[in-house]
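Peer 1: Below: sequence and its predicted model.
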Amino acid sequence: MGHDTAEWVFVGVVIAILCYVGVDSWIVQKEVEDVPANAEVIKVTGQQWYWSFEHADGTKEVSTLHVQKGHAYLFEITSRDVMHSFNIPDWVVFEDAVPGHTNHAWFAPDQVGTYPIQCREYCGLLHYNMRGSLIVEDNGT
Amino acid sequence: MVLELQKPRPVWQIMFSTHHTDVGYLYLVFGITFLFMGGVLAMIIRTHLFFPGQGVLVSDSATYNRIFTVHGLTMLFLFALPVANGIGNILVPIMVRYKDMAYPKLNAIAFWMNPVGAALLWLGFADTTWVSYAPYSIIRAPGPAADMFIFGMKILGISSILSSINFVVTILKCKHPDLPLRRVPLFAWSMLTVSLMTIVAMPTYAAALIMMLTDRLGLSGFFNPFAGGDPIAYLHLFWFTFHPEVYIFLLPAIGMMYEIIPRFSRKPLYSQASGVFAFVMLGIIGFASWGHHMYSTGMDFTTKVVFMIGTLAAVPASGMHVFNFLATMWGGRIRFSAPMKFAIGGIALFFSAGAGGVLNSAMPLDFITHGTYWVVGHMHLFLIGTIGFGFVGMIYYMFPYITGRMYSEKWASAHFVLMFWGSVQMLYTQHLLGLEGMPRRVYDYPVEFTSWTQLNQIATVGGWLLGASFAIFLAVLIYYSAKGKPANMDDPWGIGGKYYYPVAAKNPHGGHSGY
């Protein structure tokens, strides 16, 4: 070792960049996982090959999910058969739906509109078609 | 060494031989054959994705799922591992100056398990994806395909453990006493590292396969949540084996670049010690990062942080390899023959793949990229960009020594340009597709997502260029091994004899020249 200082400088720079990446993602992830206390729970269940949702007030929906702008929502995600992955790409909501486990993800939409929901873990024949829509509405509250 | 076409031998003599070069040829022919078979499947996949919503080429998703599963299995276990083993078989005994591998018969047995495993994988044509996550592979995957997949992988796993034991014993116990371990060439060091990693990692997956089989038979419920098991346990066992396996695929290609780059730069290697250190570091740290495949399975924050640090820790060692290559080339009188072109292209793509890997390992970014086409682009950047380029460069490098003839530098250049262009166009576009949110392993995507359609079509054109480059490769291999000009065996590339590996003079057993 110690062949020449250039290599040590190079390795030092690489390690410095990695430290920056590590610390920054630690900080961001900490924020991402900090669920607001007033978040409304939505139960999400994946099964071959569609998503079903149950709101806190007991309303049930299949494939299409309606939420209100400006509210925070906590998804409780599970699966009834094989592994799926609940994903709303536009809101970076992504967590695996694992049978026997309940996983969590939250988001607080601040823009009205219709956004795709999809499955991002291979789950068999119609995995490609396990799609739904998220509709963010503004009821003026 | 024996030159097939100069001194033709009946094929059965090679097939039943236990000599290390013959077993090496068998591995090479086997691996290159499956490269093209897996490549045909890749062309079907890419061409199919050109047209959304029509099912032009593959008419149903069941077939499509089977095609990408077998494509992955073929490229990893029937191309990458056999070719690394083949080149290792030919070179490692020469590099450690021993007459053969330590256990020649075991070596041949390890090879002949491969065709059996390959037959099971291809005749079964499973749809479980190569990762075959539980519980899909247990409660939903149709048999007998999934069962044949289990037995096929089992046989290939045993074969790779046997050949790893052989490499470890050959290098550590049979090396010439005058040759200190630290002076052993870096390609042999890479084979030593990956063999030790295989011996540590593979039994875990072998156990997981047996558990999966008994689960499928209904005898147990290890991974079946409906029988009291936990699918996450399968993911841990799987990735404990197969994250290190990433390095098992990768390091031989790095070792091959270490063979090529100093020679075609006409300079001594910058630092043998730093190469050895980086291999050993990767061999150890490779075991600290399997959890980064599982961030989204509901892993708690602390576990994620631990695996992120384990993943990032592998980067400096990879960077040391890149530095070593660049410092070796610096100020060298570089001869840009085909092996060197492929090695340099491989380094460039290895660097960009590594940079993408740093982004993946950062937890918040992983939630954007995981399970999307980003990952497809990222891991193919390692598999094509580093392993493919390293292997192809090494095959061109060994071509004159194996066939006694010279390939065409012009056609090899065409192969290189198309392969590099095709890789960049296809793989970088797949990264962008991932950022657009397109999931991987999908048979079809909605027509109304125009950006997905456009990016897929750009990627497919890149894929076709890649396919064309490999058509040239196949033609070069066949045509020039039969009709090429006889190579100047002392100096096939005109770089000056003293830059070749000076083994022939020092090998006490003789019988080999070149390399």
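Peer 2: Perfect, I can see it now. Residues are numbered from 1 along each chain as shown, chains lettered A, B, ... in the order given.
Peer 1: What's the local residue count around residue B:123?
Peer 2: 11 (other Cβ atoms under 10 Å in any protein chain shown). No exception for glycine: its C-beta is placed from N, CA and C like everyone else's.
Peer 1: And it, what's its pLDDT?
Peer 2: Residue B:123 is assigned a pLDDT of 96 by the prediction.
Peer 1: Let me see the contact set for the closest residue to chain B within chain A.
Peer 2: Relative to chain B, the nearest point of chain A is residue A:89 (3.0 Å; Cβ to the nearest Cβ). Residues counted as contacts of residue A:89 (Cβ atoms under 8 Å, 6 or more residues apart in numbering or on different chains) are A:115, A:116, A:118, B:436, B:437.
Peer 1: Phi first, then psi, for it.
Peer 2: phi -60, psi -40 (degrees, to the nearest 10).
Peer 1: Can you tell me how far it is from residue B:438?
Peer 2: Residue A:89 sits 9 Å away from residue B:438, going by Cβ to Cβ, to the nearest Å.
Peer 1: Residue B:338 now?
Peer 2: 35 Å.
Peer 1: For the host helix or strand of residue B:311, which residues meet the burial criterion?
Peer 2: Applying DSSP states H and E as the criterion places residue B:311 in helix B:301-312. For helix B:301-312, burial by neighbour count (16 or more other Cβ atoms under 10 Å in any protein chain shown) applies to B:304, B:305, B:307, B:308, B:310, B:311, B:312.
Peer 1: Show me what the helix or strand just after that helix is packed against.
Peer 2: For helix B:301-312, the following helix or strand on the C-terminal side (DSSP H and E) is helix B:314-329. Using 3 or more Cβ pairs under 8 Å, 6 or more residues apart in numbering or on different chains; DSSP states H and E, the elements in contact with helix B:314-329 are helix A:5-32, helix B:231-265, helix B:272-285, helix B:338-361.
Peer 1: now the shortest one: how far from the chain's centre is it?
Peer 2: Relative to the chain's own centre, helix B:272-285 is displaced by 19 Å; criterion: Cα atoms, centre = their mean, to the nearest Å.
Peer 1: Then the second one?
Peer 2: Distance of helix B:231-265 from the chain centroid (Cα atoms, centre = their mean) equals 7 Å.
Peer 1: is chain A contacted by that helix?
Peer 2: Yes - remark: helix B:231-265 sits within contact range of chain A at B:231, B:232, by Cβ under 8 Å from any Cβ of the partner chain.
Peer 1: Can you add mean pLDDT, mean neighbour count and distance to residue B:104 and give the helices and strands packed on helix B:314-329 back as CSV?
Peer 2: Formatted as CSV, the helices and strands packed on helix B:314-329 follow (pLDDT from 0 to 100; neighbours: other Cβ atoms under 10 Å in any protein chain shown; distance: least, Cβ to Cβ, whole Å):
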stretch, mean pLDDT, mean neighbour count, distance to residue B:104
helix A:5-32, 92, 15, 40
helix B:231-265, 95, 24, 21
helix B:272-285, 94, 20, 26
helix B:338-361, 94, 22, 29
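Peer 1: Which one of those helices lies nearest to residue A:82?
Peer 2: helix B:231-265 (8.3 Å; Cβ to Cβ).
Peer 1: how far off helix B:272-285 does the closest one point, in degrees?
Peer 2: Counting by axes from the mean of the first three to the mean of the last three Cα atoms, to 10 degrees, helix B:231-265 points 170 degrees away from the direction of helix B:272-285.
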